[in-house]
Every structure is written in C-alpha cells, then in structure tokens.
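>>> what follows is a predicted protein model with its sequence.
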Amino acid sequence: MLVHPWDAPHDDAEWRDWLATHDFGELAVNGLPGEPPFVQPLHFAYDPADDTAVTHLARPNPLWPALEANPAVTLSVVDDYVFVPGPWQAPPGAPAEHGTPTSFYTAVQLRCTAHIVDDPAGKADLLVRQMAHFQPEGGSARPAPGEAPYGRLLSGIRGIRLEVTSVEAKFKYAAHRPAETQDRIAAGLATRGGPGDPAALEHLLRRRAERPRT
C-alpha cells in the first residue's frame, strides 16, 4: 500500500484507536503455487497489549492448505471511505472543473504470522476471547470441550492466532491540500451527509488540528 508522508498516522495511537472500533476485515493468504491468493472476510479480536488478533473459520474452508504452507498473511481493514468529487478538490483560484476526483479512506494492514489452533481447549479459549470482545454483556454459554452446548461443535472449526509482525496504516483525507481546499471539501462532506461522510469529515478536521508541527 502506498502511504504518502501526509497520509501516515501521526503516531501508533492513531491507528490503534481506530482499529479498536473496527473488527471486521479481510485475511489475505498466499495461494499455493500457481493459484491466486485467498481473501477471507472475517471478524477478529485484536489485543494491542500483545499485538495479536484471534479469529476462527470452519474446518471445510479451502484456505487451510495454503495457510499451512505459508503462514505469512495480511489482515486488511478498510472503512470511513467516501468519494470526493473533482470540484471540491480544485486548487485555490483554479476553475472548479480542474479539480481531481479522489477517494478518502482509512486503511490498516497487519502483517502477521498465523498460528493454527486445533487443540480443543485452545480453540475454546480463543472463542472465549472473541466473545469477551464482541459480546461483553454475556448471555451465551462459555465454550468448553466436552460441555454443552458448544463442546461438540469445536471439531467443526479451526482457530487462528495472528502474531502481528508489522503494520501499515493510512489516513487519506487531503492533509496535503491548502486550507481553502480543505475547507471546501469539509463543507461538501457536511452538506452531502452520505453514509461515510460524517466519519470522513471527522478525520479531515481532527488530522488538520493534530498535524505535527515542523
């Protein structure tokens, strides 16, 4: 992923805070020789304390042979995306029709080493961690090997623990544009009010206010 200096996170806290509220992404697994990569949509639970993410997939999933052959994977998360019309991006003093259309978005890519979890107790612990993240209010039985209702279902899944080895993050919100152009974009987002516009506007304004001084 290309990350220009003005789109890079200001610090690790910026992407970590964003990832804390975004827990659905795509796991990219290198394909076997001659085959394309697997791209698997999934929920995951990321723990910043030990830089790991956990998830699980059904045992019949076709990606397992590829993952066993090469555990180097990328977990990709993208959100807060919008289309920005060209006139909004026109340079100060230039005709509106000379502006360049673009996309705004946030992307975090976790490069990981995947560890497959097949031990029933290990899978149960992994599920407990996911449940604590996604359903902290409780209301479901605790997964445990040999115990109803989920013990018999553990054989149908395999767990994955993703050990994060490096991170690339990008916040693409016109940080390199002149203030006049940024103001025009902000006004356009506020007026349009599309599904992703409030989040994109928040990013643009926040990053302008937090821009590191040189």
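Nice, I can see it. Numbers count the residues shown, from 1 in each chain.

>>> hey, let's count contacts and neighbours off CA atoms from now on
Fine.

>>> can you tell me how far residue 198 sits from residue 80?
Distance of residue 198 to residue 80, computed by CA to CA, to the nearest Å: 9 Å.

>>> let me fix that: residue 22
The spacing between residue 22 and residue 80, counted by CA to CA, is 10 Å.

>>> what do you get for residue 184?
19 Å.

>>> residue 183 now?
According to CA to CA, residue 183 stands 19 Å off from residue 80.

>>> quick one: which of the two has more around it?
The residue with more neighbours, out of residue 183 and residue 80, is residue 80; 19 against 16, by other CA atoms under 10 Å.

>>> so who does the more buried one touch?
The contact partners of residue 80, taken as CA atoms under 8 Å, 6 or more residues apart in numbering, are 104-106, 196-197, 199-200.

>>> after the strand or helix carrying it comes which helix or strand?
In this structure, residue 80 sits in strand 72-84 according to DSSP states H and E. Toward the C-terminal end, the helix or strand that comes next after strand 72-84 (DSSP H and E) is strand 102-117.

>>> which strands or helices does that next one pack on?
strand 72-84, strand 157-172 (3 or more CA pairs under 8 Å, 6 or more residues apart in numbering; DSSP states H and E).

>>> mind saving the C-alpha coords of that strand as CSV?
Coordinates of each C-alpha in strand 102-117 appear next as CSV, following Å, rounded to 0.1, in the frame of the first residue of the first chain:
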residue,chain,number,x,y,z
THR,A,102,-10.4,11.1,-5.5
SER,A,103,-11.3,8.7,-2.7
PHE,A,104,-10.8,9.2,1.1
TYR,A,105,-10.4,6.2,3.4
THR,A,106,-8.7,4.8,6.4
ALA,A,107,-6.8,1.5,6.0
VAL,A,108,-4.8,-0.6,8.4
GLN,A,109,-2.9,-3.6,7.3
LEU,A,110,-1.5,-6.0,9.8
ARG,A,111,1.2,-8.3,8.5
CYS,A,112,1.1,-11.4,10.6
THR,A,113,2.4,-14.9,11.2
ALA,A,114,-0.6,-17.1,11.5
HIS,A,115,-0.7,-19.9,14.1
ILE,A,116,-3.4,-22.5,13.6
VAL,A,117,-5.1,-23.7,16.8
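
>>> just checking, next helix/strand downstream of it?
Where DSSP H and E defines the elements, the next helix or strand beyond strand 102-117 is helix 120-134.
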